[in-house]
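got a sequence here, can you build the structure:
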Amino acid sequence: MGKYKDFTISVHDKELAELKAKLASVRFPREDRFEKNWDLGIYSPEFGKLINYWINEYDWKKHEAQLNRFHQYKVTIDGIDIHFIWEKGETQNSIPVIFSHGWPDSFLRYTKVIRSLTQKRILADKSELSFDVIIPSVIGFGFSGYSNGVSINNESIADFWCKLMTDKLGYQRFIAAGGDVGSGITRYLAKNHPEHLYGIYLNDVGLIRDLMTYRDDLTDEEKLYYETVSKWMKEEAGYMNIQSTKPQTLAFALSDSPVGLAAWIFEKFHSWGDWKSCLSYEDVITNIMIYWLTNTIYTSCRIYHENSNHLTPVGDITAPAGVSLFSKDINLPPKSWIEKHLNLVHFSHIESGGHFTAMENPDAYCEDFVKFVQLLKL
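Numbering: from 1, shown residues only. Have a look, this model is predicted:
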């Protein structure tokens with residue numbers, strides 16, 4: 001196994017003081033010119049409450065201490081430093097699983113499931129089950145590094161994850177799970193490294209390009225998807241177009257203004273997630289803080305450009321796949337398409353929760369994930 005080093009999150013008080021000063025001196029747009037809804041973006045009164053909470057009540061040091069209770073490491077692979085949590089399960093033969101997050105979330109997406117998945121479970125047949133949980137920060141996000149020498153996209157990150165799991169951590173077979181960007185990474189792991197996978201567990205399959213053009217042979221479910229995604233692309237996909245084309249220009253605004261950064265991220269948590277039922281200001285602000293403190297909004301946004309220009313087709317997946325769709329998520333894929341292109345062994349709908357899945361409804365996520373794993377030949 002390769003060398004990896006212990007890592008502890010430690011933010012200097014000076015950085016926190018500078019952030020507080022920036023927040024205190026924010027200049028908001030003129031609200032008298034705003035629409036009183038979310039149609040044109042952030043709804044000012046709701047956003048103002050978030051910023052007020054961030055200034056007056058939020059305590060980063062409390063969350064830093066909570067995160068540092070997990071075993072965290074950094075390892076260098078092909079010149080890039082990769083940050084990851086690695087918590088081992090309680091049983092002797094715990095099953096390794098690597099979780100990949102997306103944008104604009106972070107490794108926080110999966111921290112709420114660590115305790116449940118590493119604990120010992122007694123199954124109906126009296127066997128014992130637990131998981132070794134590995135949660136990397138996607139390259140270019142948070143505490144992981146970056147490189148301009150190679151394209152950092154879903155496929156190349158999958159190659160890094162395979163090296164992390166096999167060469168560095170010593171697992172020759174494992175489960176991979178993910179959503180959003182993490183779903184793409186997971187599917188490329190299955191495409192390019194199937195010999196190392198027991199199976200994959202997804203919460204979405206990305207935008208389905210071959211269903212974004214209307215055809216008479218589409219099923220009713222696929223036609224509904226076409227209509228839903230066409231509307232979403234027209235009304236909601238502006239961020240994607242910017243990040244796919246001019247992420248550097250955007251970076252100057254979001255790297256300088258914590259309120260601008262918060263607006264860019266919070267809008268997605270509100271629009272894509274089960275915000276009022278499942279998430280708190282603490283959840284969202286801690287996620288924003290990871291982007292701010294590491295100054296990684298540019299490299300995280302840039303993955304959209306890299307994915308748009310440097311991916312090979314993923315094709316059909318032969319590894320056993322589980323898919324759980326959270327009801328408040330965006331652009332829910334048709335089961336008929338999933339069955340055609342994945343080796344689907346488990347499919348479920350989860351009522352509470354949205355795009356950020358394990359962050360929003362960790363109990364249901366864990367329960368469904370375990371159901372999937374019990375169907376695999378381990």
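
which ones are touching the nearest residue to Ala24 once chain neighbours are set aside?
Spatially, and ignoring its direct neighbours in sequence, Ala24 is nearest to Ile55 (6.4 Å; C-beta to C-beta, 6 or more residues apart in numbering). From N, CA and C alone the C-beta is placed, and that goes for glycine too. Shown in contact with Ile55 (C-beta atoms under 8 Å, 6 or more residues apart in numbering): Lys20, Leu23, Ala24.

which parts of whichever strand or helix holds Ile55 are buried?
According to DSSP states H and E, Ile55 maps onto helix 44-56. Buried residues in helix 44-56, defined by neighbour count with 16 or more other C-beta atoms under 10 Å: Ser44, Phe47, Leu50, Ile51, Trp54.

and what of stretch 264-278?
For stretch 264-278, by 16+ other C-beta under 10 Å, it's 264-275, 278.

now the lowest-mean-pLDDT helix or strand in the chain, how far from the centre of its chain.
With mean pLDDT, DSSP states H and E as the measure, the helix or strand of the chain carrying the lowest mean pLDDT is helix 275-278 (a mean of 88). In terms of C-alpha atoms, centre = their mean, to the nearest Å, the centre of helix 275-278 is set 18 Å apart from its chain centre.

where exactly do the strands run in this protein?
Using DSSP state E, the strands of the chain run over 5-6, 72-77, 80-87, 95-100, 121-122, 128-129, 131-136, 174-178, 197-202, 320-326, 343-350.

counting by contacts, list what the fifth one packs against.
If contacts are counted by 3 or more C-beta pairs under 8 Å, 6 or more residues apart in numbering; DSSP states H and E, strand 121-122 sits against strand 128-129.

contacting residues around Ser137?
Per C-beta under 8 Å, 6+ apart, neighbours of Ser137: Ile82, His83, Phe84, His101, Ser106, Phe107, Phe143, Ser144.

just the buried members of those?
With burial judged by 16+ other C-beta under 10 Å, the buried subset of these is Ile82, His83, Phe84, His101, Ser106, Phe107, Phe143, Ser144.

OK, contacts around the second one?
Under the criterion of C-beta under 8 Å, 6+ apart, the contact partners of His83 comprise Phe7, Gln72, Tyr73, Lys74, Phe107, Pro136, Ser137, Gly142, Phe143, Ser144.

now render those as CSV, adding pLDDT.
Shown next, in CSV, are the contacts of His83 (pLDDT from 0 to 100):
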residue, pLDDT
Phe7, 98
Gln72, 98
Tyr73, 98
Lys74, 98
Phe107, 98
Pro136, 99
Ser137, 98
Gly142, 98
Phe143, 98
Ser144, 98
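
of the residues you listed, which is the nearest to Gly184?
Nearest to Gly184 among the contacts of His83: Pro136, at 14.5 Å, using C-beta to C-beta.

leaving out the residues flanking it, which one is nearest to the closest one?
Excluding its sequence neighbours, the residue lying closest to Pro136 (C-beta to C-beta, 6+ apart) is Phe84, at 4.0 Å.

show me the beta-bridge partners of the one you found.
Beta-bridge partners recorded for Phe84 (DSSP bridges): Tyr73, Pro136.

quick one: low-confidence parts of this protein?
1-2 (pLDDT under 70).

just checking, what packs against the longest helix along it?
Secondary structure of the chain per DSSP state H: the longest helix is helix 220-236. In this structure, helix 220-236 packs against helix 335-341, with contacts taken as 3+ C-beta pairs under 8 Å, 6+ apart.

buried residues, the helix it packs on. List them.
Applying 16+ other C-beta under 10 Å to helix 335-341 flags Trp337, Ile338, His341 as buried.

go ahead and confirm the first one touches Leu207.
Meaning Trp337. No. Counting by C-beta atoms under 8 Å, Leu207 is not a contact partner of Trp337; they are 11.7 Å apart.

number of nearby residues for the residue nearest to Ile175 when sequence neighbours are not counted?
In space, and not counting its chain neighbours, Ile175 is closest to Val97: 4.2 Å by C-beta to C-beta, 6+ apart. Residues lying near Val97 (other C-beta atoms under 10 Å) number 25.

cool, and the one 3 residues further on?
Applying other C-beta under 10 Å, we find 28 other residues in the vicinity of Ser100.

show me the contacts for it.
So Ser100 contacts Pro136, Val138, Ile157, Trp161, Ala176, Ala177, Gly178, Val181, Gly182, Ser183, Ile185, Thr186 (C-beta under 8 Å, 6+ apart).
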